[in-house]
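Novice: Provided below are the primary sequence and the corresponding predicted coordinates.
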Amino acid sequence: MAAANVAELKKPTSAYWLWLGDNRERIATMLGSGKGSEVAKKAGEMWKAISDADRKPYETKAKEQKDAYDKFLATEEGKKALGDKKAARVEANAEKAKKEEQKNQRACKAAVKAVEKDDALKKPQTAYWLWLGDNRERIVTMLGSGKGSDVAKKGGEMWKALADAERQPYERRAKEQKDAYDKYLASDEGAAKLKAFKDATKAAKDQFKSKDADKEDDDEDDDDAPSPGKRAKSAGLSAAPPSKRGRGAKSSVQEQPLIPADVLKNAEGLNMVEQLRNLMARADVAASGKSPQEMLVALQASSGLVNKAKAKLCGA
């Protein structure tokens, strides 16, 4: 994608964020701190109190950016650029998911391998492996190499050509070990140890199962993914986004959370009304006892990303 298209595809900034970009350093100096949550809280207060004259240049600039953005998206070039951007995002997400799954599988195998296994539970060796254990050094000397694949190949050839009389002692030993193994597993002690081992192995594997198949995407920059509120509206429902549900729960529509008038006005100025309603609708956020104003501050500090704001509020 051409550099010009990338710039034109960047979502326009709201008036508040344009103003904050010009005033962030000044606010940090006033506070004597650059901490995001503190700067965001103070900035929200200042933006709310700013005069119409001081606010107007930022609103004008924001509208110009929005108009230019919408105009570009309406062109064939804009549609193609947006399509390419979405395709690249899908590909990147798929690659990321693949790498995470591979990492997860490696960690799972390592965890299973680390589970201690009683020697009595280890499967007995076959006649061939008993013979190879006694003859490996001789084969290595014959080959002049200890490479595993070379030794295994030569060992297989020699075992196949071995006389019955030479093979019989190993077959007898293998049978004796197998009979003892089966007898142990049939005993109460063996059965209990085998069950304990299987339970420990299952527990090791279960650690790496997918924990949240319906994980919400935190990417607020998805141009054709309507917000939960918009999806409800398009379906003819005047409802706020439903809170995150557990697996198997039926979809339900909740009433819009009531935002206090002063907080609503501030949220409108920050262009974060939908995000605030979404955040207020989360059961875990509501249970935290945080006020709508505190939720709005958390949203400001998280650049409008709902899940990040939720993590701040719930101490995750």
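Specialist: Sure, I can see it.
Novice: Can you name the next helix or strand after the helix or strand containing Met295?
Specialist: In this assignment (DSSP states H and E), Met295 forms part of helix 292-301. Proceeding N to C from helix 292-301, the next assigned helix or strand is helix 306-314, under DSSP H and E.
Novice: Contacts only, for Tyr58.
Specialist: Neighbouring residues of Tyr58 by C-beta atoms under 8 Å, 6 or more residues apart in numbering: Ala15, Tyr16, Leu18, Trp19. The way it works is simple: take the backbone N, C-alpha and C, and place the C-beta from them, glycine included.
Novice: And the pLDDT at the residue nearest to it when sequence neighbours are not counted?
Specialist: Leaving out its chain neighbours, the residue that sits closest to Tyr58 by C-beta to C-beta, 6 or more residues apart in numbering is Ala15, at 4.1 Å. If you check Ala15, the pLDDT there is 91.
Novice: Wasn't Thr13 part of a strand?
Specialist: No: assessed with DSSP: H, G, I helix; E, B strand; the rest coil, Thr13 is coil; it does not lie in a strand.
Novice: Now the phi/psi pair for it, please.
Specialist: For Thr13, the backbone dihedrals (degrees, to the nearest 10) come out as phi -90, psi 140.
Novice: burial count for it?
Specialist: Thr13: 17 surrounding residues under other C-beta atoms under 10 Å.
Novice: same deal with Lys85?
Specialist: 16.
Novice: do the same with Lys99
Specialist: By other C-beta under 10 Å, 10 other residues sit near Lys99.
Novice: sorry, back to before: by contact count, what packs against the helix holding Met295?
Specialist: The contact analysis (3 or more C-beta pairs under 8 Å, 6 or more residues apart in numbering; DSSP states H and E) places helix 292-301 against helix 36-49, helix 261-269, helix 273-280, helix 306-314.
Novice: Select from the contacts of Tyr58 every entry located in helices.
Specialist: Residues from those lying in helices, with DSSP state H as the criterion: Ala15, Tyr16, Leu18, Trp19.
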